[in-house]
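# need the 3D shape of this:
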Amino acid sequence: MNLILFDDTTLRKQLLPLTFTRPVAALRCGILTLAEKWQYLLPAADISYLTEEYLQQKFKLVTASDNILANGAICPSAALTKKIEQLQPGECLVQNGTILAFRGSGHVVDLYRSGSFTPVQELEWPEPVTIIAHPWNIFGNNGEQLRSDFSIITKGRSSAGINDVHTRTYNEEDIFVEEGAKIRAAILNAEDGPIYIGKGAQVHEGAIIKGPFALCEHSNVNQGGKMRGDTTVGPYCKVGGEVNNSVILGYSNKGHEGFLGNSVLGEWCNLGADTNNSNLKNNYANVKLWSYKKGGFVDTGLQFCGLIMGDHSKCGINTMFNTGTVVGVSANIFGDGFPRNFIPSFAWGGANGFTTYKFSAAMETAGLVLERRKLSLSEADLAIMQHIFDQTAQYRVWESKK
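Okay, here's the model as predicted:
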């Protein structure tokens, strides 16, 4: 099967700033990214992405004479996957007007990309579907997806187990430890949901973890870290302090004391020591969040909603984020007081005002950050960041005030 995970244009805009740097299907919810969920359910499928043109050099599109295209925002289930496998050429699976999947030739792929695709035959899917339509859906669905992914990943496998005599566990049958992981003098409580510890990950002395929780490969929970439920720490991260119902996509650090709750961090982010975010308004009203699609704030319908931060953004020590703050890509935030609750990409400053983070300086920092992980910025990465810098200039309104 040639499976192409496509970006629904509307959903992609709603998921900014997280989708500035990746297709929708590369987002993480639960233990796995959405694309990885498809790969687990369809192990024989060749998977590629249909996304914005400026992302395609890094996230490849591969077409064949016969293709199945699935909505990249879906968290797939076994039942839905089985139905999609059975689609015939020309058939399109929909739910309430949203395209879930369709099957067609390479020409049909071109038609969808150009915006002129029309389904030949629509089939209505009657069962519930989990769709990541807004950034808050990532942490909102994370507990459910952690349980689902845990079941898929661990099926028929045995945990490497915990051999540290100073570690205390509760409901250890729902704790899965991959080979090479290290746990020392910690408390792991899986009574309310499973705990997954990835390959080469480390849980350090004094850490307390409450499930459902995932620590992906080569990530660390630092000494004394307090990890509350419905939380995912993606690969190659360091976390400490208190984290609740949040998703860190990967390669990011929140290594010190401070609270992160009901939040999503992209990749290559860093939160300075004692950074805190509010996730509840003092008047208990619904949280409003900046929407790139609307060009303004939208009601999330949630009482609890914290910080949404795009890739490569960073903040200094003692930063305080207000309830429902959105930070774009490659912003650098510092200083006392609460900064505004929408911080554009490539912003430099804090509560006392912002200037533009010069592109060359931002990329120099990004390169140094990647070098610490023995990686480097590719030409494709630089082109993506340049595109984002140019396309988000309209939000850096202080430029027009000079």
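# tell me how far the residue nearest to Lys58 when sequence neighbours are not counted lies from Gln391.
Nearest residue to Lys58, sequence neighbours excluded (C-beta to C-beta, 6 or more residues apart in numbering): Ala380, at 4.3 Å. Bear in mind the C-beta positions are built from the backbone N, C-alpha and C, glycine included. The spacing between Ala380 and Gln391, counted by C-beta to C-beta, to the nearest Å, is 16 Å.
# whichever strand or helix holds the residue nearest to Lys58: how far from the chain's middle?
According to DSSP states H and E, Ala380 maps onto helix 379-391. Offset of helix 379-391 from its chain centre (C-alpha atoms, centre = their mean, to the nearest Å): 20 Å.
# mind exporting stretch 63-78 as CSV, just the C-alpha atoms?
What follows is stretch 63-78, C-alpha atoms only, in CSV (Å, rounded to 0.1, in the frame of the first residue of the first chain):
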residue,chain,number,x,y,z
THR,A,63,3.1,8.8,-5.4
ALA,A,64,2.2,5.6,-7.2
SER,A,65,-0.3,4.5,-9.8
ASP,A,66,-2.6,3.5,-6.9
ASN,A,67,-2.6,5.5,-3.6
ILE,A,68,-4.6,5.7,-0.5
LEU,A,69,-4.7,9.2,1.0
ALA,A,70,-5.6,9.6,4.7
ASN,A,71,-6.3,12.7,6.7
GLY,A,72,-3.1,13.4,8.6
ALA,A,73,-5.0,14.8,11.6
ILE,A,74,-6.6,11.5,12.4
CYS,A,75,-5.5,9.3,15.3
PRO,A,76,-6.3,6.0,13.5
SER,A,77,-8.1,3.1,15.1
ALA,A,78,-8.0,-0.5,14.0
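# biggest strand in this structure by residues?
As assigned by DSSP state E, the longest strand anywhere in the chain is strand 98-104.
# so what strands line up beside that strand?
Next to strand 98-104 in the sheet, as set by DSSP bridges, lie strand 67-71 (antiparallel), strand 91-95 (antiparallel).
# out of those, which gets nearest to Glu371?
strand 67-71 (36.1 Å; C-beta to C-beta).
# now Glu257, nearest residue through space, not along the chain?
Gly241 (4.4 Å).
# surely the one you found touches Asn253?
No - counting by C-beta atoms under 8 Å, Gly241 stays clear of Asn253, with 11.3 Å between them.
# right, and Thr323 touches Asn276 too?
No - the pair Thr323 / Asn276 is not scored as a contact, 11.4 Å apart, by C-beta under 8 Å.
# out of those two, which sits in the more crowded spot?
More crowded of Thr323 and Asn276, by other C-beta atoms under 10 Å: Thr323, with 22 against 19.
# which residue comes closest to the more buried one once chain neighbours are left out?
Leaving aside its sequence neighbours, Thr323 sits nearest to Ser278 (C-beta to C-beta, 6+ apart; 4.3 Å).
# sorry, back to before: comparing the strands paired with strand 98-104, which comes out most buried?
With neighbours defined as mean count of other C-beta atoms under 10 Å, the strands paired with strand 98-104 peak in mean count at strand 67-71, which reaches a mean of 24.
# which phi and psi does Thr167 have?
When read as degrees, to the nearest 10, the backbone of Thr167 gives phi -90, psi 130.
# flag the shaky bits of the chain, pLDDT-wise.
Along the chain, the model assigns pLDDT under 70 to residues 399-402.
# all helices of it, in order?
9-14, 34-41, 78-85, 106-114, 135-140, 142-154, 359-371, 379-391 (DSSP state H).
# pop the domain breakdown of the chain in here.
2-133, 138-335 (automatic domain parsing).
# most neighbours per residue, which of the ones you listed?
Buried most deeply of those, by mean count of other C-beta under 10 Å, is domain 138-335, with a mean of 20.
# that domain: how far from the chain's middle?
11 Å.
# start and end of that domain, how far apart?
29 Å (C-alpha to C-alpha, to the nearest Å).
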